[in-house]
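> Pasting the sequence and the predicted coordinates here, then a few questions.
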Amino acid sequence: MSTTTSASQDLFVGVGPAAEVDRYLDSVAIDEVTEIDFEPFKMHRLAHSGTQRAAAPTSQDFWVAQDIGRDAELDWKVRNGEYRMVLMNGDGTSGVDADGTFELELPHVNTIAWALIGGGSLLALGGIIGVVLSVRRRS
């Protein structure tokens, strides 16, 4: 889920197939986020030059998820394939001014974690039993 907030105008947030998004933004000046560090937080960007203004993103029909507004919110279930997430002004103009949050939800993480802990514990217990039996046989 991604949420954006802007005081100046509507923001668009959308996810689309990588090839379609790349074609749409081909001649537009953009900043591409290439890496995010969390401790301390730092977002690495690569500026791409361009001479054209983007058409309004809502006029495009390739988005698989989208929202527009001062409090745009996007909830998208990840699928197979290559996708791009785009944050831009709703009218396609440059100069995005936004504060926001980004969340990633991983289903069944607790179940997987407990299964790994349980499996690891069983392996450790098996190893301890093996060592004890080996020592007893030698005695």
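Nice, thanks for sending it over. Numbering: from 1, shown residues only.
> Let me know whether Met85 touches Gly14 as I believe.
Yes - between Met85 and Gly14 there is a contact at 7.4 Å, judged by Cβ atoms under 8 Å. All C-beta spots, glycine's among them, are computed from the backbone N, C-alpha and C.
> between the two, which one's more packed in?
Using other Cβ atoms under 10 Å as the criterion, Met85 and Gly14 rank with Gly14 on top: 24 against 15.
> gap between that one and Ala29?
With distances taken as Cβ to Cβ, to the nearest Å, Gly14 is found 18 Å from Ala29.
> Over to Val86?
14 Å.
> anything in contact with each of Met85 and Gly14?
Common contact partners of Met85 and Gly14 (Cβ atoms under 8 Å, 6 or more residues apart in numbering): Leu74.
> May I have the secondary structure class of the most centrally placed residue in the chain?
Centroid-nearest residue in the chain, with Cα atoms, centre = their mean: Leu104, separated by 6.5 Å. At Leu104 the chain is in coil, as set by DSSP: H, G, I helix; E, B strand; the rest coil.
> Point out the other elements, helices or strands, that the host helix or strand of Glu35 touches.
Here Glu35, judged by DSSP states H and E, is contained in strand 30-38. Here strand 30-38 touches strand 41-48, going by 3 or more Cβ pairs under 8 Å, 6 or more residues apart in numbering; DSSP states H and E.
> Other residues contacting the helix or strand that the strand it packs on is followed by?
Later in the chain than strand 41-48, the nearest helix or strand by DSSP H and E is strand 65-69. Strand 65-69 is contacted by residues 10-15, 57-58, 73-76, 90 when judged by Cβ under 8 Å, 6+ apart.
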